[in-house]
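K.L.:
Test case, fold it:
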Amino acid sequence: MIDVGAAAPDFTLKDQRGSELRLRALRGKRVVLGFHPLAWTKVCAEQMLDLERHKAEFDRLGAVALGISVDSVPSKRAWAEALGIEETPLLADFWPHGEVARKFGVFREEDGFSERAVFILDEAGIVRFAKVYPIRELPPIEELLEALEGLSRR
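P.N.:
All right, here's what the predicted structure looks like:
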C-alpha cells in the first residue's frame, strides 16, 4: 500500500456520468479516495452513501470525496441512480482493470477487485491518511472527518 507522506499517483478515470476526472486537476483541494470492492453490495452502498450524506462537511473542510471501484461506467451510473447519489463522483477503475487500485497498492489480485480502503490527500496531492478496512466493515465517517480536521490544524 502507498505510504503516508508519499505523493499520490495521478490518474484519470470516468465517473458515473462518463465525465473524465483527473486527480491532478483537484490540486488545491483535499481529496478523499474511497476504494470499495464492488457496486451493488450492502457495505459498499453504505460507504458511498456516507460520502454523499457528508458532502457539506467535506466542502467545509475543503475536500472532495470520490468513490472508486472496478465496476464499469454503466454499472456505476445505474448504481448511483438506484442509491440517489447525485453529488459524489463514483469512478470506474474498470479498464485497464483495477489499474488505479494497483497504483495505490490495494488491488486484490485473487479476487479481481480492490480492498476497502481510504486515502486522504492534502492540497499538494500528498497522502496524509491511508487505511485498509476489513471487506465487510464500513469505514467510520467520523474517522475520515477527524483526519480532515487534523489537516486543518497543521
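
K.L.:
quick one: the helices in the protein?
P.N.:
For the chain, the helices defined by DSSP state H cover 42-53, 55-60, 73-83, 99-103, 141-152.

K.L.:
tell me the angle the first one makes with helix 73-83.
P.N.:
Meaning helix 42-53. Helix 42-53 and helix 73-83 meet at an angle of 70 degrees, taking axes from the mean of the first three to the mean of the last three CA atoms, to 10 degrees as the criterion.

K.L.:
Mind jotting down where the strands sit in this protein?
P.N.:
In order along the chain, the chain carries the following strands (DSSP state E): 12-14, 20-22, 30-35, 63-69, 90-92, 107-108, 113-114, 116-121, 127-133.

K.L.:
quick one: which of those is nearest Leu49?
P.N.:
strand 63-69 (9.9 Å; CB to CB). Every C-beta, even on glycine, is put in place using the N, C-alpha and C of the backbone.

K.L.:
And the closest one, what does it pack against?
P.N.:
Under the contact criterion of 3 or more CB pairs under 8 Å, 6 or more residues apart in numbering; DSSP states H and E, strand 63-69 touches strand 30-35, helix 42-53, helix 55-60, strand 90-92, strand 113-114.
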